[in-house]
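# how does the following fold in three dimensions:
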Amino acid sequence: MESGNESEMYVSDPVYTKEGVKGYTSYKLNGSRVPETLNRRYRDFDALRKKLVERWPGIFIPNIPHKKKVGYKSKRIINLRLEMINRFLKKLSKIEYLFNSEEMDLFLQNSSSVSKTLDGLKVESYEDLLKKYSSAISDYDENFDTKAGKEEQDKFLKKLNEIYPKVKHFRSLVQHARDRYKNEQDNYLAVINMLSLYEKETVNNFVNNDENKLVFFNMKNIELCNHISNAQEQVINPYDRLYAAITEDYLNTEAMKEALESLNALQDTYNKLTKNYNSANAYLSDLKEGKSSVKSMFKNKEKEINKLSSEKETKEKDINDLGQIIKIATFNMQKTIDDFKVVCLDNYYAELSRIEGDTEKNATIFDDLWETVVKDKNISEFN
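Numbering: from 1, shown residues only. Alright, predicted model coming up:
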């Protein structure tokens with residue numbers, strides 16, 4: 001994960017638009033790289049990420065939440081998606097070569113179809129890809145032990161494959177805990193509402209409709225009314241943030257797995273190209289030496305020799321370029337993994353601190369509410 005660009009991009013102001021039997025939510029895109037006011041849908045960010053994954057093989061690409069078909073209109077889903085998209089954009093902003101990439105440039109064009117615009121990018125040759133990587137990862141160390149780095153990364157990928165389902169399961173547990181906490185919170189506030197209703201419907205009859213003799217159903221008790229309003233509006237479900245944090249860990253783990261597997265795929269392609277090149281080279285040598293085979297019996301040997309000879313240089317260059325791409329990507333991945341471990345731990349510590357703060361704030365809100373109740377003059381005089 002490479003930092004260098006302090007100018008961040010972010011989304012705000014989600015707007016739901018009805019379209020036929022369904023609809024969609026769009027977000028206002030903000031930041032110094034945005035040439036004008038742009039609105040982007042979730043599918044646009046998804047298209048951007050998919051194109052980055054496709055055109056930056058072996059490179060960690062920050063992840064975004066998976067599309068949900070159920071509950072996509074709910075305020076909670078929209079706000080969670082907004083938060084996760086902002087985390088995605090913040091991470092992209094800190095990876096300079098992705099933030100300033102050709103893909104990002106096209107994403108920021110005032111186009112009605114981001115996906116079609118991105119699909120218009122030409123397929124890059126190994127030579128093009130090597131130039132791009134050499135420019136993007138300028139701190140590449142020629143003395144880096146690629147073999148040792150690859151072995152370490154394979155071990156890390158194995159760990160990630162073990163961790164991934166556990167993080168996914170834990171996210172589900174946190175989701176259930178979040179829902180239970182919300183129910184408890186709603187029930188707690190429901191008690192206050194029921195007390196107010198009880199006073200209105202029952203106790204009120206015993207005091208001859210004198211509101212001053214009531215506690216909860218007393219609109220003149222401004223302080224208590226404010227505390228009740230605070231409890232309804234400001235109480236935080238600490239599991240909301242924990243769920244978002246665990247979701248981010250889940251998405252990051254998935255993205256890291258994806259990058260390492262992509263790097264392995266590059267290595268497999270390199271091995272395949274090398275094997276095919278060696279086979280073709282051996283066949284060319286046999287032809288030049290006049291050796292015959294079933295394969296060469298039905299071909300013009302002179303034309304076949306010329307064809308293989310002309311292809312040889314191109315294949316050699318492709319293999320050399322791809323080999324260098326793998327070395328640069330492996331070097332970059334080692335740094336990314338090191339940063340990844342630090343960020344995961346830092347995020348965990350930060351989340352524990354936030355949970356403590358949220359819990360303390362909630363306790364203060366309810367303590368203040370009940371302290372006001374106990375201090376009510378009717379209760380004070382009764383005591």
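# what about this protein, any weak spots by pLDDT?
Scanning the chain for pLDDT under 70 picks out 1-7, 68-74, 292-301, 383.
# got the residue ranges for the strands in it?
Ranges of strands in the chain, per DSSP state E, are 9-19, 22-31, 38-41.
# list the buried residues for the first one?
The reference is to strand 9-19. Of all the residues in strand 9-19, those buried under the rule 16 or more other Cβ atoms under 10 Å are 9, 10, 11, 14. All C-beta spots, glycine's among them, are computed from the backbone N, C-alpha and C.
# with stretch 222-236 instead?
For stretch 222-236, a neighbour-count test (16+ other Cβ under 10 Å) marks 224, 227, 228, 231, 235, 236 as buried.
# just the ones in helices from the residues you listed, please.
Among the buried residues of stretch 222-236, the members falling in helices (DSSP state H) are 224, 227, 228, 231.
# contacting residues around the first one?
Applying Cβ atoms under 8 Å, 6 or more residues apart in numbering, one finds that residue 224 lies in contact with 215, 216, 218, 369, 372, 373, 376.
# and the furthest pair within those residues?
With Cβ to Cβ as the measure, no two of those lie farther apart than 218 and 369, at 14.2 Å.
# what about the helices in the protein?
Taking DSSP H to define them, one finds helices in the chain at 42-55, 75-94, 96-99, 102-107, 114-119, 126-136, 146-198, 204-206, 222-234, 238-288, 294-297, 301-374, 377-382.
# redo those helices as CSV? Include distance to residue 63.
Conversion of the helices of the chain to CSV gives the following (distance: least, Cβ to Cβ, whole Å):
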stretch, distance to residue 63
helix 42-55, 7
helix 75-94, 7
helix 96-99, 13
helix 102-107, 16
helix 114-119, 18
helix 126-136, 20
helix 146-198, 12
helix 204-206, 56
helix 222-234, 31
helix 238-288, 4
helix 294-297, 47
helix 301-374, 12
helix 377-382, 54
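# relative to residue 28, which of those is closest?
helix 75-94 (10.3 Å).
# please name every helix or strand in contact with that closest one.
Packing partners of helix 75-94 (3 or more Cβ pairs under 8 Å, 6 or more residues apart in numbering; DSSP states H and E): strand 9-19, strand 22-31, helix 42-55, helix 96-99, helix 238-288.
# ok, back up a step: out of the buried residues of stretch 222-236, who's nearest residue 65?
The nearest member of those to residue 65, counting by Cβ to Cβ, is residue 236 at 20.8 Å.
# was I right about residue 121 contacting residue 52?
No - in this structure, residue 121 is not within contact of residue 52 by Cβ atoms under 8 Å, at 10.8 Å.
# higher neighbour count, the two?
residue 52 (20 against 13; other Cβ atoms under 10 Å).
# from residue 209, how far off is that one?
Computed as Cβ to Cβ, to the nearest Å, the residue 52 to residue 209 distance reads 68 Å.
# ok, residue 175 next?
Look at residue 175 and residue 209: by Cβ to Cβ, they are 47 Å apart.
# in terms of packing, which of those two has more residues around it?
More crowded of residue 175 and residue 209, by other Cβ under 10 Å: residue 175, with 15 against 10.
# touching, that one and residue 243? I think so.
Yes - counting by Cβ under 8 Å, residue 175 does reach residue 243; the two are 5.9 Å apart.
# ok so, going back, reformat the helices and strands packed on helix 75-94 as a markdown table; add distance to residue 362.
As requested, the helices and strands packed on helix 75-94 are exported to a markdown table (distance: least, Cβ to Cβ, whole Å):
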| stretch | distance to residue 362 |
| --- | --- |
| strand 9-19 | 26 |
| strand 22-31 | 29 |
| helix 42-55 | 31 |
| helix 96-99 | 38 |
| helix 238-288 | 8 |
